[in-house]
Every structure is written in C-alpha cells, then in structure tokens.
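> Task: produce atomic coordinates for the following.
(4 chains)
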2 protein chains.
Amino acid sequence: MDALIRKLEHFTQFTDEERQALASLSDLPVVVGPRQDIIREGDNPTGVNLIVEGYAIRYKALPDGRRQILGYFVSGDICDLRVFVLKRMDHSIAALTPVAVRVISEKRILEMTDRYPRIMRALWWTTLVEESISREWLLSMGQRTAAERIAHLFCEIYYRARIVDLVEGHRVALPLRQTDLAEMTGLSVVHVNRVLQDLRKQGLITFDGQVLTILSPEKLEAFALFDPLYLHMDEGKGTVTRTAPVTARAG
Amino acid sequence: MDALIRKLEHFTQFTDEERQALASLSDLPVVVGPRQDIIREGDNPTGVNLIVEGYAIRYKALPDGRRQILGYFVSGDICDLRVFVLKRMDHSIAALTPVAVRVISEKRILEMTDRYPRIMRALWWTTLVEESISREWLLSMGQRTAAERIAHLFCEIYYRARIVDLVEGHRVALPLRQTDLAEMTGLSVVHVNRVLQDLRKQGLITFDGQVLTILSPEKLEAFALFDPLYLHMDEGKGTVTRTAPVTARAG
DNA sequence: GCCCGGCTTTTACATTTGTTAGTCAATACT
DNA sequence: AGTATTGACTAACAAATGTAAAAGCCGGGC
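Next comes the predicted model:
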C-alpha cells in the first residue's frame, strides 16, 4: 500500500484520513507465479489489481502467436481502473516476475472515491499517466531506433522505480530475460542482445538479467532522447527532478 | 453533433432529453486549415474539441524532428476529455485535412455530465475506446509487418468511418498523403508507396490520396489480422457487425 | 561432481526497410 | 502559356533488423 500512497503523493497531498482510507484497502496479497496470467483477454474482471511487489505486464497477442507487451506495472501500480465501463478485456495482464497483488473490489473502490474526491482525482491521474506512457511507447516504436528504444525503456524504468523507492544508487532490480525486452520493444531477441552489448560497450548501462545499473543517467537520457515530462511526475508538488537537461538537437 | 450522438449510441441508449442536452452543446464550429496545430504540446487547454468534420491527429515529435502520429479523429470524436486532470499537454493535436471543430468549455461539460450520468458514462466509454485503439496500434507497430500494419489501419478507418456514416459502398473519403500514412505507421514514405502498390496488386484496396476503396473487406481483414473487438462497438447494443468471421491461424 | 535445461551469445545469412536522388504528372501561380 | 510546387512513383544502394542454428554458460537437481 505504501508504494501506492507514495506514488499518488507525487500528484496530490493527502490528509491523514485519506491516507488511512487508502491503507485500509489492504486485503491479503496474492502471489502469482512468474509468466502467469492475472487477467486474460475476454475476461470481465470484477475488481482491480494493485501490484504490491514484482513486475507485471499488459500484453496483446496476434492469432498466430506474435506477442507485444504494451506496458508494465511496478509496485504501487493499479492495473485496471477502467474495467468498470468496458465489458470485456481487450488484452491480458500477466506476471513477469513473481508478483504479489491485492485484488480490490469495484464496490470498495467506489465507496472510497465517493467519500474522498481527492483520491478519485489521484487515481484518475494515475490512469492518465499510464495513457501518456503508452503514447510515448508508440513514439518509441515508430521513431526511435532499436538502441534508442531500449535505452529509453531503461530510463523510464529508472524513473518509475525511483518514485516507489526501488532504486539504490543507480541500480534497479530488474529480473527480466532478453526475450522480455524483445517483446516490450518489438525487436527480436538476437537484436536485443546486440543492442545491449552496444549499450554496455558505450558505458551507459550494465544489465545481467537481474539488476540494471545506469552508469550515467545523463548520457543514457541524452542517447535515448528521453524527456521525463510524459511521466507527469511534477504536477502536484515538485519532487522528482530531472537528471540532466534536455538539449534539443535541431528545429 | 449528430455524429457524436450516433457514436455514443453505439454504447448506450439516450432519452430525448439527453439527446437534446448533447445537441445543445453546439457552438459555432471553427474551421482549422489542413496541417495546422489545434493544441500544442505544453499548452494547458481550457476546453475540449469536438471534431465536426475532417480528420485530425494526435502526434508527438522528437527534438530532432522525427514525428509520430499517435491516433486520429473523425467527426464525432472528442479530443481531450482528460485535460481536466493533467496540467500540461504531453503531445499535440493538429488538423490533417481541413477540419471543423467545436470548442466546448470545461464548465459546460461538467454541468452536463453532472446532470446526466449516462452521458458521463458514455463519454468515459469513448476515451476508453480510444485507449484501446492506441493499444492496438502498439501491437501493430511492434508485431505487424509494414503491409499488415497499413492494411490494419485501413480496416480501422473503414470501421470507424462506418459508425459515423462516412462510408458509401466500400468507399471512404480519405484525403491523406502517403507521408501521412508514413507518420501513422512509423514507415518511410518510399516504403509506404511500395506497400500500397502491393496491396493494390493483391486486389485488396484502391487508394488515390482522396478516396480509399476496400475491394474485399473479408480478404483485407484476414490479411491484416484485424479483429474489431478492440473498437468495443457492440457493447451497448449490437449494431455494427463483423464483415467476416475471424479465423484463428494457430495456437 | 555431473548432467540438464534455460538463457545468453555468436555466426552467417536473408529480408525488410530506409536513404538519396531523380523523374513524372497534376495543379497552382503569374 | 510558362514556371514553380507538390506529391506519387522509381531505382540503386545502404543500413537495420530478423532468422536459424549452434556454441557457451551457469545454476539446480541428483
């Protein structure tokens, strides 16, 4: 719960009562094994899932098996607030690493948001940020080269993990395989491997399948054309700061 | 206004009063010249834009000029309901063709949605559909080949235009240049040109920069691996039907 | 300590897609 | 009519990325 509150407080300031209300949502977390579906396309889930620990993903597949990861969740992220309006899921959600989730019923959410409009606004904010992220991914897929794309993803992970205190020094726990990165970026595993070696050779990162180390945030961000604006982190109060200034390259 | 109501009624059934309320939103439409920005990244717009006529786009650019179109709007689409929560636009909106828009103030929207919860729900639905579309685009960019991607886009245009009665026979007015298609699909113009020729040669479509003709919806959809589920059109009442059955290809 | 299986890495090669630059037809401008 | 402009199309070539298959690595069970 902590992570959720910490995240929301990047957007707004809660009263103790509100914080209490959020904290009281805690049901027992359920543990989901790695690579297991949490919600599947076509389902009609009755509640939302709050990620307490681990990495979960949103993905979509083509009938012939090609699969694309559309986004990921870290602790403090809520999976599907939208469920209340649309009937059928048009995509799936799965655990990437072992994941602990809390299921929160629709009723519970509605009660809380009715009572605390500020919480409703904050939750709404998180879904809008998520949309913004998915727009940035679209930009990445369409315009960034493979290397820029992966570098950009790493920058994003770094920032998002920082919000919920998952970064130590410049290191983030990131227990992913290269095929996962491939599915996130729309590349082949082989090419992901090439790019990773390249990024390592350039002294930008270190990644061993467990821990991602950003050797030079400034350089990595410049390389990836990364601008954290799309994460909308400084909208409520200005906490997280930019690692390096953006230098526009051309008109 | 007609188009908006027609679209929303794919999701819900309105009372006359509600229809009235929606219709009464009509301010004078403003005409925006082709390729002109309507809202620019960084702006903080005070209202939402309802597209009355023409095609508008949502786009995002990299500092070095590379540009990606993230989605498009046809008549009846509302641009930015989300504006009420996020402060700064993280992307821009522009007219692609000449466009007629109605600006609706935040106040007006709030009054209406307060009074008519069903309208609020319906508007919410449209933004969720938009999100769903952008997820499908992500899938396209990551997994579909250039030809599938363009074919899929054409299918989507065909369906979305049908909802608001913009299709005659199998023909849709689509006054786009090949560079526009390139920016929508993340391809170079040259390659778009190659792919178009290929699709024509296969007898799937006809496109002359003004009118898109789908020669065989079934074949085109099969080729594009198109499944209209993501458009969530049949959720309220089952009006729009599938052109052809989906045949899964593999496990 | 050894074998197995899941990942990563490498290699060689195929394919797709991008680049640059030029032609052509239609249209708009003067 | 003559000229500029714009967008479609071609061509030749370059670069990015994918494919298939094999080799190496490493930790876990036995």
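
> which parts of the stretch 51-200 of chain A sit against DNA strand D?
Residues of the stretch 51-200 of chain A lying close to DNA strand D by CB under 7 Å from any atom of the strand are A:Thr145, A:Ala146, A:Ala147, A:Gly186, A:Leu187, A:Ser188, A:Val190, A:His191, A:Arg194. The C-beta positions use only the backbone N, C-alpha and C, and glycine is treated the same way.

> Of all pairs in the residues you listed, which one is the farthest apart?
Spatially, the most separated pair among these is A:Thr145 and A:Val190, at 15.9 Å (CB to CB).

> From DNA strand D, how far off is A:Asp16?
Distance, A:Asp16 to DNA strand D, by CB to the nearest atom of the strand, to the nearest Å: 44 Å.

> Where does A:Leu181 fall, secondary structure wise?
Secondary structure assigned from DSSP states H and E places A:Leu181 in helix A:178-185.

> Any buried residues in that helix, and which?
Of all the residues in helix A:178-185, those buried under the rule 16 or more other CB atoms under 10 Å in any protein chain shown are A:Gln178, A:Asp180, A:Leu181, A:Ala182, A:Glu183, A:Met184, A:Thr185.

> do stretch A:57-74 as well
By 16+ other CB under 10 Å, the buried positions in stretch A:57-74 come out as A:57-60, A:62, A:66, A:68-74.

> Would you check how far apart A:Thr206 and chain B are?
26 Å (CB to the nearest CB, to the nearest Å).

> Tell me the helix or strand right after the helix holding A:Leu181.
Beyond helix A:178-185 on the C-terminal side, the first helix or strand identified by DSSP H and E is helix A:189-201.

> ok and the residue in the stretch 1-150 of chain A nearest DNA strand D?
Ranked by CB to the nearest atom of the strand, the top residue of the stretch 1-150 of chain A for proximity to DNA strand D is A:Ala146, at 3.4 Å.

> Hmm, that residue is touching A:His191, no?
Yes - here A:Ala146 reaches A:His191: they are 5.9 Å apart, a contact under CB atoms under 8 Å.

> quick revisit: now render the residues of the stretch 51-200 of chain A next to DNA strand D as TSV, adding distance to B:Leu225 and neighbour count.
Below are these laid out as TSV (distance: CB to CB, whole Å; neighbours: other CB atoms under 10 Å in any protein chain shown):
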residue	distance to B:Leu225	neighbour count
A:Thr145	26	11
A:Ala146	23	16
A:Ala147	28	18
A:Gly186	15	22
A:Leu187	19	20
A:Ser188	19	13
A:Val190	24	10
A:His191	22	15
A:Arg194	28	14
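
> Other residues contacting stretch A:159-175?
Here stretch A:159-175 makes contact (CB atoms under 8 Å, 6 or more residues apart in numbering or on different chains) with A:3, A:6-7, A:10, A:55, A:74-76, A:97, A:157-158, A:207, A:209-215, A:217, A:228, A:231, A:233, A:240.

> end to end, how far does that stretch reach?
Taking CA to CA, to the nearest Å as the measure, stretch A:159-175 stretches 17 Å from start to finish.

> and if you look at stretch A:113-122?
With CA to CA as the measure, stretch A:113-122 spans 10 Å from end to end.

> One more: stretch A:49-68?
Note: stretch A:49-68 ends 21 Å apart using CA to CA.

> What parts of the stretch 51-200 of chain A come near chain B?
The stretch 51-200 of chain A comes close to chain B at residues A:58, A:60, A:62-68, A:70, A:82, A:85-88, A:90-91, A:121, A:124-125, A:128-129, A:131-132, A:134-139, A:141-144, A:183, A:185-186, as judged by CB under 8 Å from any CB of the partner chain.
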